[in-house]
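J.: Give the three-dimensional model of this entry:
(chains A and B)
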Amino acid sequence: AQSVTQPDIHITVSEGASLELRCNYSYGATPYLFWYVQSPGQGLQLLLKYFSGDTLVQGIKGFEAEFKRSQSSFNLRKPSVHWSDAAEYFCAVVPMDSNYQLIWGAGTKLIIKP
Amino acid sequence: AAGVIQSPRHLIKEKRETATLKCYPIPRHDTVYWYQQGPGQDPQFLISFYEKMQSDKGSIPDRFSAQQFSDYHSELNMSSLELGDSALYFCASSPGGSSSGANVLTFGAGSRLTVL
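T.: Have a look, this model is predicted:
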């Protein structure tokens, strides 16, 4: 079945440490790929997106993500997290053959230790 | 920069009542999407509109209806409310119609509906 998987429900990192959030998808063709962040009680904000071209994409707030076709992955990274990064992060895809429906991962909650 | 505006931000209703949520898209965005996010869940697509016509339908209950008006704002009408309808309802907008997967959705802050 076509799906988006975020294997980590929660991740805890220390402030200043590096971060990697995992996202895998299972679609025949490479879909459009997105990472959104949701702060508590807030809306969903786009961090970055991949459509084509350079597989390493830069986003807002110092985030980046790398598309790896061979692994069907689009992992989100940040070299040094800040306490304000505590939020829930959603990976989402738009399959090539869809009528533009975002298919969402279950989300990863990021907890920052002081 | 203008964002997607949703109102009300919070709404409390009782079972079997009716609720209406409003969404004002970013200027010049002609496509609007509605999502429902239950507690601890990922957003679920409900319905979308392009140029005032329904363009796609997801898991929207029959008790719900929505429309997009001539000024491109959209309203989600929910009737015979149930406890399970308690959720955060997001509206998102994008330019250029929903047929292009390259469109990027901009989300509003959401409307939190609590059904007692």
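J.: any weak-confidence spans in chain A?
T.: Across chain A, the ranges flagged by pLDDT under 70 are A:1-2, A:97-100.
J.: So which bits of it are right by chain B?
T.: A:31-32, A:34, A:36, A:41-46, A:49, A:51, A:90, A:94-96, A:98-102, A:104-107 (Cβ under 8 Å from any Cβ of the partner chain). All C-beta spots, glycine's among them, are computed from the backbone N, C-alpha and C.
J.: out of everything not next to it in sequence, what's closest to residue A:114?
T.: Of all residues not flanking residue A:114 in the chain, residue A:15 sits nearest, at 6.0 Å (Cβ to Cβ, 6 or more residues apart in numbering or on different chains).
J.: who's in contact with the one you found?
T.: A:81-83, A:112-114 (Cβ atoms under 8 Å, 6 or more residues apart in numbering or on different chains).
J.: By neighbour count, which of those residues wins?
T.: residue A:81 (21 neighbours; other Cβ atoms under 10 Å in any protein chain shown).
J.: Against chain B, how distant is it?
T.: 22 Å (Cβ to the nearest Cβ, to the nearest Å).
J.: dump the residue contacts of the nearest residue to that residue once chain neighbours are set aside.
T.: In space, and not counting its chain neighbours, residue A:81 is closest to residue A:19: 4.9 Å by Cβ to Cβ, 6+ apart. By Cβ under 8 Å, 6+ apart, the contact set of residue A:19 is A:11, A:13, A:76-78, A:81, A:85, A:110.
J.: Show me the beta-bridge partners of residue A:19.
T.: Applying DSSP bridges to residue A:19 yields these beta-bridge partners: residue A:78.
J.: what do you get for residue A:103?
T.: residue A:93.
J.: So which bits of stretch A:15-28 are buried?
T.: For stretch A:15-28, the buried set under the neighbour-count rule, 16 or more other Cβ atoms under 10 Å in any protein chain shown, comprises A:19, A:21-25, A:27.
J.: ugh, typo on my part, it should be stretch A:90-97
T.: With the criterion 16+ other Cβ under 10 Å, stretch A:90-97 contains buried residues A:90-95.
J.: rewinding a little: in CSV, list the contacts of residue A:15 along with secondary structure and distance to residue B:70.
T.: Shown next, in CSV, are these (DSSP: H, G, I helix; E, B strand; the rest coil; distance: Cβ to Cβ, whole Å):
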residue, secondary structure, distance to residue B:70
A:81, coil, 45
A:82, coil, 44
A:83, helix, 45
A:112, strand, 46
A:113, strand, 51
A:114, coil, 52
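J.: which one of the residues you listed sits closest to residue B:106?
T.: Taking Cβ to Cβ as the measure, residue B:106 lies nearest residue A:82 of these, at 23.7 Å.
J.: most centrally placed residue in chain B?
T.: Nearest to the mean C-alpha position of chain B, by Cα atoms, centre = their mean, lies residue B:34 at 2.9 Å.
J.: just to revisit the earlier point, go through the contacts of residue A:19 and give me the one with the most neighbours.
T.: Neighbour counts for the contacts of residue A:19 peak at residue A:76, which has 24 neighbours (criterion: other Cβ under 10 Å).
J.: and it, how far is that from chain B?
T.: From residue A:76 to chain B the distance is 16 Å (Cβ to the nearest Cβ).
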